[in-house]
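# Kindly return the folded structure for what I paste below:
(chains A and B)
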Amino acid sequence: MLEKALKGSPRYWGTLIALGLVMALGLGFWLYQLTFGMKITGLNRDVSWGFYIAQFTYLVGVAASAVMLVLPYYFHHYKEFSKMIILGEFLAIAAVVMCLGFIVVDIGQPQRMLNVLLNATPHSVLFWDMVVLNGYLFLNIIVGWTSLQYFKNDMTPPKWVKILAIVSVIWAFSIHTVTAFLYAGLPGRHYFLTAIMAARFLASAFCSGPAILLLLVLCLRRLTGFDPGQKAINRLAVIITYAMCVNIFFFLLEVFTSFYSNMPGHIAPFKYLFTGIDGHDMMVPFMWTAVVLGLGCLLFLIPTPIRQNPTALTIGLIMLVIASWIDKGLGLLIGGFTPNPFETVTVYSPTVPEIMISLMVFALGGIVLTVLWKIAIEVRSEVEGGNLSMVPPPAAE
Amino acid sequence: MKSNRREFLKLAAVSAMGIGAARLGFLGDAPAFAESVPTAANFEEGLKAKHWGMAIFTAKMTPEMNAKCRKACHTEHNVPDIAGPKEIKWFWGANFEESFPTEHGHYLSEEIEHRQFPLLCNQCETPMCVKVCPTQATFQRPDGIVMMDFHRCIGCRYCMAGCPYGARSFNFQDPRPFIKSFNPLFPTRMRGVVEKCNFCAERLAIGKLPVCVEAAEGALVFGDLSDEQSDIRKALREHFAIRRKPDAGTSPSVYYIL
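The predicted structure follows:
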């Protein structure tokens, strides 16, 4: 089926070339980092993880978006998702590729990366994160590719594919839980040190991941005419809405625990993020934007008539994605490391090279996604005889 | 058999160092040795303990004394002199609030409030950095010392996130140009790896005390915490001492006598 990626419209090639150029530009900055070291980043002694690891954390969430389709499809036989499911699985592949990319660019000695395998250390959560991420990548490649192959040949996928799909559902929960455990067990970082971290990760993943998937699908519908079905879109939007409500609720639980207990260490990160400490208030506008967009998107998503309006749905989803990205892609990491172990503030903000290198990884994910979705759409178009919308042709008179 | 082999390796390493130094001398800019190269005999006299620890007479640690110890440590271990938030620190000083942030001591005596407390790796009994390290580049010796294998570290900086004491530094850039006086008896590091205080394990191996202890003229007491007769246990028996962030559950081996 790979040959389907080799023929395409100028728009398809234009997208790939544009993403390739972004990647090449970012690659230059990565070579710069490899030559001069991570001094080109805004990271420092006190904030040892930053933008890269934050994007990794956010994309682990995007990788889970497939679960919200695979789970109803395989566990509850919700057949409406059948057209979107492959897109979800392929998005998961692209997201995990980006996750691994962000880990690679974050490591000070990338050529020693295999040390994690050579010296497998079961008491380190990072070791398990590597295991579950790579496992999830392979599961999605095998399940997605094989089921597409069988679909192309108009055959029912073999039983082992279904079993692997079910395994991948459970596995997706593990990538979140284990990634949350990376943070949740650290005694010196109060913003991370919370039992609800894994649950928060799942809630935020199950809203932001499917939201990105749905936005991409709506975009695809406009560009190619591929229609996953209005029923499927509506159902996924409902799932996203519930997950976002849970996500906000979990965040408020953290706020209550910190402020009612009055534990200084637990309050400090919230203060830094939402009001600033000692005049260091760089994060304040971002965090309040997240609050406004996070609550605001619910106005678009909760009332059913508004949610079912395509424009309102798109606006709501974009608001949700921005809010959850600020919360997880900026706030979680920066709040966790500030104030530092000496209860003073060391300011971190990503540098231009850091952002360019991140764009490189995002562009890589974009290329993987474009190629995989192209294949999926072409296969479907071939099977359905070029009728992507799958509305039955008008009966002959 | 095994001990013979170790003996041979020790001798080989030591003689290689000696020959290397002698041969390279003619190159002109070979660094002068601060002290003579240790011989196999020195390794026979290595200091041993069940659990190494340090007690600090904080009243004796004046800012000058702190600076002296810091200089001794940083020179001994080729710690680069880099300014700003990407600096490398093995031994440094901070005020009470920064050193003991969980104490929240309002109404401190002015003298204690302005006292400079020496900070270094706490060599914890249950070190979080060892637990989180994915390659065992950070590991703990049976005598309690938490060590770094600079050659195995992949630079993931998880140990920095895990350490509740901010004791670890990352080489964001090549440290070598920032080393003022080079000590050929201790390796320099490369860019992209983490480093920290190692309780001078390389000096203990040849029967010497940590270099900061030597420089501190009695303000720092070093010894075996599991030996009731040791100087450090005597100091802790006779004076009130606290540890940094006991609530982090890592059980530091560094005690501060107030």
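
# How many residues are close by the residue of the stretch 1-150 of chain A found nearest chain B?
Taking Cβ to the nearest Cβ as the measure, the stretch 1-150 of chain A has residue A:108 as its residue closest to chain B, at 2.1 Å. Any C-beta I mention is one placed from the backbone N, CA and C, and that applies to glycine too. Neighbours of residue A:108 under the rule other Cβ atoms under 10 Å in any protein chain shown: 21.

# next one: residue A:181
17.

# can you count the residues close to residue A:28?
13.

# repeat for residue A:275
Residue A:275 has 12 nearby residues by other Cβ under 10 Å.

# ok, it touching residue A:281?
Yes - using Cβ atoms under 8 Å, residue A:275 is in contact with residue A:281, at 7.1 Å.

# The residue of the stretch 1-150 of chain A closest to chain B: what's it in contact with?
A:37-38, B:153-157, B:170-171, B:191-194 (Cβ atoms under 8 Å, 6 or more residues apart in numbering or on different chains).

# what's the answer for residue A:85, then?
Residues near residue A:85 by Cβ under 8 Å, 6+ apart: A:66, A:69, A:70, A:73.

# Adding neighbour count, write these out as a markdown table.
Output for those, formatted as a markdown table (neighbours: other Cβ atoms under 10 Å in any protein chain shown):
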| residue | neighbour count |
| --- | --- |
| A:66 | 33 |
| A:69 | 30 |
| A:70 | 22 |
| A:73 | 21 |
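
# Dump the residues you listed to TSV, plus distance to residue A:347.
Below are these laid out as TSV (distance: Cβ to Cβ, whole Å):
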residue	distance to residue A:347
A:66	37
A:69	41
A:70	42
A:73	46
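
# Quick one: those as a markdown table, columns for pLDDT and secondary structure too.
Compiled in a markdown table, the contacts of residue A:85 are given as follows (pLDDT from 0 to 100; DSSP: H, G, I helix; E, B strand; the rest coil):
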| residue | pLDDT | secondary structure |
| --- | --- | --- |
| A:66 | 81 | helix |
| A:69 | 86 | helix |
| A:70 | 85 | helix |
| A:73 | 85 | helix |
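
# Let me know the secondary structure of the residue of the stretch 1-150 of chain A closest to chain B.
What DSSP: H, G, I helix; E, B strand; the rest coil gives for residue A:108 is coil.

# in the stretch 51-200 of chain B, which spans are strands?
B:52-57, B:91-94, B:117-120, B:138-140, B:146-148, B:169-170, B:194-195 (DSSP state E, counting those that start in this stretch).

# Output the ones you listed as CSV; include the columns mean pLDDT, distance to chain A and mean neighbour count.
Below are these laid out as CSV (pLDDT from 0 to 100; distance: least, Cβ to the nearest Cβ, whole Å; neighbours: other Cβ atoms under 10 Å in any protein chain shown):
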stretch, mean pLDDT, distance to chain A, mean neighbour count
strand B:52-57, 97, 17, 23
strand B:91-94, 96, 6, 20
strand B:117-120, 97, 9, 24
strand B:138-140, 97, 10, 21
strand B:146-148, 96, 13, 21
strand B:169-170, 96, 6, 26
strand B:194-195, 97, 8, 24
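
# ok, how many other residues are close to residue B:236?
Residue B:236 is flanked by 18 other residues according to other Cβ under 10 Å.

# now the helices: where do they sit in chain B?
B:2-24, B:40-44, B:63-76, B:96-99, B:110-114, B:128-132, B:158-162, B:201-204, B:211-215, B:231-238 (DSSP state H).

# Packed most tightly, which of those would that be?
Sort these by mean neighbour count, taking mean count of other Cβ atoms under 10 Å in any protein chain shown, and helix B:158-162 sits at the top with a mean of 26.

# if we look at that one, which residues are touching it?
For helix B:158-162, with Cβ under 8 Å, 6+ apart as the criterion, the contacting residues are A:45, A:48-49, A:124, A:126, A:182-183, A:186-189, A:336-337, B:128-129, B:131-134, B:138, B:168, B:170, B:194.

# With stretch A:285-295 instead?
Here stretch A:285-295 makes contact (Cβ under 8 Å, 6+ apart) with A:244, A:248, A:273-274, A:319-320, A:322-324, A:326-327, A:330-331.

# repeat for stretch B:214-221
By Cβ under 8 Å, 6+ apart, stretch B:214-221 touches B:54-57, B:60-61, B:65, B:68-69, B:71-73, B:118, B:208, B:210, B:212-213, B:231-232, B:235.

# List the buried residues of that stretch.
By neighbour count with 16 or more other Cβ atoms under 10 Å in any protein chain shown, stretch B:214-221 contains the buried residues B:214, B:215, B:216, B:219, B:220, B:221.

# do the same with stretch A:88-105
Neighbour-count burial for stretch A:88-105, with 16+ other Cβ under 10 Å as criterion, is recorded at A:88-103, A:105.
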